[in-house]
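K.L.:
based on what follows, work out the 3D shape:
(one chain, ligands or ions: 1)
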Amino acid sequence: MEVRRQRRLKSRRPLRLPDSARWTYDELRHCQMGYERLMAWGLEPAEIPLGTYIYESAAGEDPIYLLGMLYFFETKNIRHKPARAQLFHSYGDALSEHDMDFDWADETMHAGYGKQWLKELLAARGQDPTAYDQVRERCEKLVRDYVSTATAEDVARD
Ligand SMILES: [Fe+2]
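P.N.:
Numbering: from 1, shown residues only. Have a look, this model is predicted:
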């Protein structure tokens, strides 16, 4: 009886996402840095496209894919950051170069968070915690499928 009670209590253990406050704060700073650079370049806020395709891609799916999208995008875009920082350097834009380097350093940690969080969620569900890359692969497919439905009008609008 006690063992069953312990198992039940364990299964109700809330999922912990360590460092989620740090991750959220980092992303806020990245948005602020990007926004300030775009404003400094003379863009109007209405000219800045803000897509929702990450969330739309996972609509109606098992919620693990919403968390998986974080891991997918954190790992997907990280490889572009050093090249972008170098481009800003070549333009003589030291502030944008600095911001991109800063972003890149944070994203390296974020990719680790995403992996850790997926492993914890999979384990809490009684699933194989090493299957996080399968979640990532499914997220990649969901995004690819969603983006493939974009019309010419969608592309022109964004
Ligand atoms: Fe990030």
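
K.L.:
low-confidence ranges, this protein, go.
P.N.:
For the chain, applying pLDDT under 70 flags the ranges 1-13, 158.

K.L.:
residue of it nearest the ion, please.
P.N.:
The chain approaches the ion most closely through residue 110 (3.6 Å), counting by Cβ to the ion. Heads up, the C-betas are built off the backbone N, CA and C, glycines and all.

K.L.:
wait, that residue touches residue 73, no?
P.N.:
No. Counting by Cβ atoms under 8 Å, residue 110 does not reach residue 73; the two are 9.2 Å apart.

K.L.:
for the strand or helix carrying residue 146, packing partners?
P.N.:
Secondary structure assignment for residue 146, by DSSP states H and E: helix 132-147. If you count contacts as 3 or more Cβ pairs under 8 Å, 6 or more residues apart in numbering; DSSP states H and E, helix 132-147 packs onto helix 53-57, helix 64-77, helix 94-124.

K.L.:
what residues does it touch?
P.N.:
With Cβ atoms under 8 Å, 6 or more residues apart in numbering as the test, helix 132-147 has contacts from 53-54, 56-58, 61, 64-65, 67-69, 71-72, 75-76, 115, 118-119, 122.

K.L.:
buried set for it?
P.N.:
132, 135-136, 138-140, 142-143, 146 (16 or more other Cβ atoms under 10 Å).
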